[in-house]
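> below is the structure, and that's it, no one-letter string:
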């Protein structure tokens with residue numbers, strides 16, 4: 001016996017009116033092909049520019065070489081001009097060095113000239129006199145933080161000199177150099193600079209206590225009279241001072 005028509009209709013209606021489940025919206029991913037193509041295009045353009053520049057440079061170089069080979073006399077002229085310029089420069093350098101040596105060897109100072117100098121200029125004058133006598137590395141270091149040293153030098157016999165300079169504008173009529181000046185340079189000359197010879201030089205005079213202290217400390221003093229003989233003559237300072245240490249064995 002067939003099912004009632006009415007029940008079948010009710011089930012069909014219910015199935016037809018059931019709500020449908022919606023699929024959530026998912027945005028579609030964009031393709032990266034367009035960006036990659038642009039990057040490859042830029043890279044290709046850069047490579048073309050590089051290769052093009054290299055080709056142009058090579059072509060220019062080849063054209064220059066070909067022109068010089070066809071006009072070889074230009075190379076001869078350029079080479080001769082370069083040789084003349086180089087020879088002139090070397091000759092001028094040699095003349096300048098010879099003149100510097102002659103000027104240093106002929107360097108002389110009188111006491112009035114030294115008295116009129118500023119203290120710093122007096123330090124440079126002592127440096128120049130040491131250079132005149134063969135201390136090619138003599139240099140002035142006096143100033144703030146000099147630790148009592150104004151001039152450093154190495155003589156031709158390998159001995160290291162540390163010199164403290166004391167200038168008096170009134171010469172021997174000015175104040176005497178005292179023992180504190182000797183003690184100051186003695187405390188640093190050997191420890192900091194490795195001095196073989198520690199010297200205090202002045203255009204003035206030393207106090208009576210300086211000579212005994214210098215002998216105890218194995219220091220050397222050059223007063224106004226010694227300075228006059230050294231600066232106004234041609235003898236090096238180590239020939240004028242007594243009890244100078246012997247030359248270093250390494251020299």
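Now that the structure is in, tell me what you want to look at. Quick caveat: nothing in here was measured; it's all calculated off a predicted structure.

> quick check: next helix or strand after the helix or strand in which residue 81 is found?
Using DSSP states H and E, residue 81 falls within helix 72-105. As assigned by DSSP H and E, the chain's next helix or strand after helix 72-105 is helix 111-115.

> other SSEs contacting that following helix?
helix 224-232 (3 or more CB pairs under 8 Å, 6 or more residues apart in numbering; DSSP states H and E). (Each C-beta comes from the backbone N, C-alpha and C, glycine too.)

> mind giving me the packing neighbours of the helix it packs on?
helix 111-115, helix 119-132, strand 197-202.

> what's the most buried one of those?
Stretch with highest mean neighbour count among the helices and strands packed on helix 224-232: strand 197-202 (a mean of 24; mean count of other CB atoms under 10 Å).

> list the neighbouring strands of that one plus their orientation.
As defined by DSSP bridges, the strand partners of strand 197-202 come to strand 160-166 (parallel), strand 220-222 (parallel).

> now those strands as a markdown table including distance to residue 106, mean pLDDT and mean neighbour count?
Formatted as a markdown table, those follow (distance: least, CB to CB, whole Å; pLDDT from 0 to 100; neighbours: other CB atoms under 10 Å):
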| stretch | distance to residue 106 | mean pLDDT | mean neighbour count |
| --- | --- | --- | --- |
| strand 160-166 | 22 | 95 | 24 |
| strand 220-222 | 21 | 97 | 21 |
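
> which among those is found nearest to residue 240?
strand 220-222 (7.6 Å; CB to CB).

> show residues contacting the closest one.
197-202, 206, 210-211, 214, 230, 237, 240-241, 243-244 (CB atoms under 8 Å, 6 or more residues apart in numbering).

> try it again at 7 Å.
With CB atoms under 7 Å, 6 or more residues apart in numbering as the contact definition, strand 220-222 has outside contacts at 197, 198, 199, 200, 201, 206, 210, 211, 214, 230, 237, 241.

> what is the nearest of these to residue 122?
After measuring the contacts of strand 220-222 against residue 122 - CB to CB - the closest member comes out as residue 201, at 9.1 Å.

> wait, the closest one sits on residue 165?
Yes: counting by CB atoms under 7 Å, residue 201 does reach residue 165; the two are 5.8 Å apart.

> residue 157 in helix, strand or coil?
State at residue 157, reduced to three classes by DSSP: H, G, I helix; E, B strand; the rest coil: coil.

> so which strand or helix has the nearest residue to it once chain neighbours are set aside?
Setting aside the residues directly before and after it, residue 157 is nearest to residue 247 in space (CB to CB, 6 or more residues apart in numbering), at 3.7 Å. Residue 247 is part of no helix or strand, with elements assigned from DSSP H and E.
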